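Colleague: Need coordinates for the following:
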Amino acid sequence: MTDVIVIGGGLAGCATAYYLAKDGVAVTLLERFDLNTLASGSNAGSLHAQIPHDPYARMGDSWAERYRPAVGLLAKSIEMWRDLPRELDADLEVKLGGGLLVARTAADMRAIEAKARHERAQGLDVRLFDRADIAREAPYVSESMIGGAFCPDEGKASPFAATLAYARAATALGVTIHRQTTVLGIEREGQGFAVVTDKGRFAAPRIVNAAGADAGRVAAMLSIDLGDVQGFPIQVSATEKVGPLIPHLLYCASDRLTLKQNGVGSLLIGGGWEADIGPNGTPVANLDSLRRNMAVALSVVPALSNISIVRTWAAIVNGTEDWMPILGEIPREPGFFLNFFPWMGFTAGPIAARIMANQVQGKPAPFDIDMTPFLPRG
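Modeller: Below you'll find the predicted structure:
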């Protein structure tokens, strides 16, 4: 019998399995499809540290007060990303060129300044830019942008490489990975659990639910209600390869936008725009969202007018309305843990997994993190 069953073969699950195995824990990982095939491998690879502007604009300072402990987790996770290529012996394309949030109006700029106070309260390095700063540091940005905020600790990594690098390292440490294995039920068995799948029955004293958008379905097998934990279809576009143009992770305060350039020269354009669900139940691109996303991008970076989009794809990202991570043991089901970091799960993958590995072993959280804001309720 294994010590821990991890459910989910995305970044959260594979990284959790790795850190547990690194500590000498016997781990079995169950993945419904194949590794890295859902949100972990379909996102744009952004490494975020700033408080996301769109929910801040909608929910304001009271929300930011509650959310800002998550900023500390994101910053610590990015520090882990810096060393991850060496630790996993893999090229993860980690590049931290900084994140730039630009403002179109004076109202945008006031909101950026207010948000920066919350970020600085968590120790995040956020520098306010005026128009001259934008022109000097980001000459590719439209002259209509009057200022913004720059965080030097943001950037990108490869969503195609990271999860698989964790999986390889975990396997080398003895983790057993079962692909194409659907969890059908979970039952209490003595002091532990039995997990019933379409490939047989597995048993362990502890389970980590790292199933992303499927986490609610998995938890419900033990009659655990995770509330508004769910999946949302969103889309990202990639351009043809071009010469060096955008060294930053770029955002716009007036509308949803993320824009960056990857290692081969393609520009990745997104920002959480809604996709559709196709007739077979899989996410598909929404043409109206594509038009609106490209219009925002073009208004911020005029040079995009001469660059062609070559691909748009959609994926399900796990999220909640309040954006708060849920990390820890379910109080009424001892031994059942949840690793769920909504919206920013790619950035937070390393720190959330390291936290989870410690919790499963009954160890304190790493880096002296106060876990109180993130623990499951009920």
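
Colleague: List the contacts of Glu79.
Modeller: If a contact means CB atoms under 8 Å, 6 or more residues apart in numbering, then Glu79 has no contacts. C-beta here means a position set from N, CA and C on the backbone, and glycine is covered the same way.

Colleague: likewise Pro325?
Modeller: Counted by CB under 8 Å, 6+ apart, Pro325 has contacts 70, 73, 340-342, 348, 352, 374.

Colleague: so Asn36 sits in a strand?
Modeller: No. Using DSSP: H, G, I helix; E, B strand; the rest coil, the assignment for Asn36 is coil, not a strand.

Colleague: Got phi/psi on it?
Modeller: Note on Asn36: its backbone torsions stand at phi 60, psi 30 [degrees, to the nearest 10].

Colleague: okay, Met1: pLDDT?
Modeller: pLDDT for Met1: 74.

Colleague: since we're on it, how many residues are nearby?
Modeller: 10 (other CB atoms under 10 Å).

Colleague: What separation do you get for it and Val175?
Modeller: 15 Å (CB to CB, to the nearest Å).

Colleague: before we move on, the earlier item: could you provide the contacts of Pro325 in JSON lines, with additional columns for distance to Glu189, secondary structure and neighbour count?
Modeller: Below are the contacts of Pro325 laid out as JSON lines (distance: CB to CB, whole Å; DSSP: H, G, I helix; E, B strand; the rest coil; neighbours: other CB atoms under 10 Å):
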{"residue": "Ala70", "distance to Glu189": "35", "secondary structure": "helix", "neighbour count": "22"}
{"residue": "Leu73", "distance to Glu189": "33", "secondary structure": "helix", "neighbour count": "26"}
{"residue": "Phe340", "distance to Glu189": "24", "secondary structure": "strand", "neighbour count": "29"}
{"residue": "Phe341", "distance to Glu189": "29", "secondary structure": "coil", "neighbour count": "30"}
{"residue": "Pro342", "distance to Glu189": "31", "secondary structure": "coil", "neighbour count": "24"}
{"residue": "Ala348", "distance to Glu189": "32", "secondary structure": "helix", "neighbour count": "28"}
{"residue": "Ala352", "distance to Glu189": "27", "secondary structure": "helix", "neighbour count": "27"}
{"residue": "Phe374", "distance to Glu189": "28", "secondary structure": "helix", "neighbour count": "21"}
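
Colleague: Return the member of those residues nearest to Ile277.
Modeller: The nearest member of the contacts of Pro325 to Ile277, counting by CB to CB, is Pro342 at 19.0 Å.

Colleague: so that closest one sits right up against Leu327, yeah?
Modeller: No. With contact defined as CB atoms under 8 Å, Pro342 does not reach Leu327; the gap is 11.1 Å.

Colleague: out of the contacts of Pro325, which one sits closest to Phe367?
Modeller: Among the contacts of Pro325, and counting by CB to CB, the member closest to Phe367 is Leu73, at 9.2 Å.

Colleague: Setting aside sequence neighbours, what's the nearest residue to that closest one?
Modeller: Ile351 (5.4 Å; CB to CB, 6 or more residues apart in numbering).

Colleague: Any buried residues in the helix or strand hosting the one you found, and which?
Modeller: Using DSSP states H and E, Ile351 sits in helix 345-360. Residues 345-360 are the ones in helix 345-360 that count as buried (16 or more other CB atoms under 10 Å).

Colleague: How is Val310 assigned, secondary-structure-wise?
Modeller: Three-state call for Val310 (three-state DSSP): strand.

Colleague: how many neighbours does it have?
Modeller: For Val310, using other CB under 10 Å, the count is 11.

Colleague: What's the separation between it and Ala303?
Modeller: From Val310 over to Ala303 (counting by CB to CB), the distance is 17 Å.

Colleague: ok, Lys260 to Gln359 distance?
Modeller: Lys260 is 33 Å from Gln359, by CB to CB.
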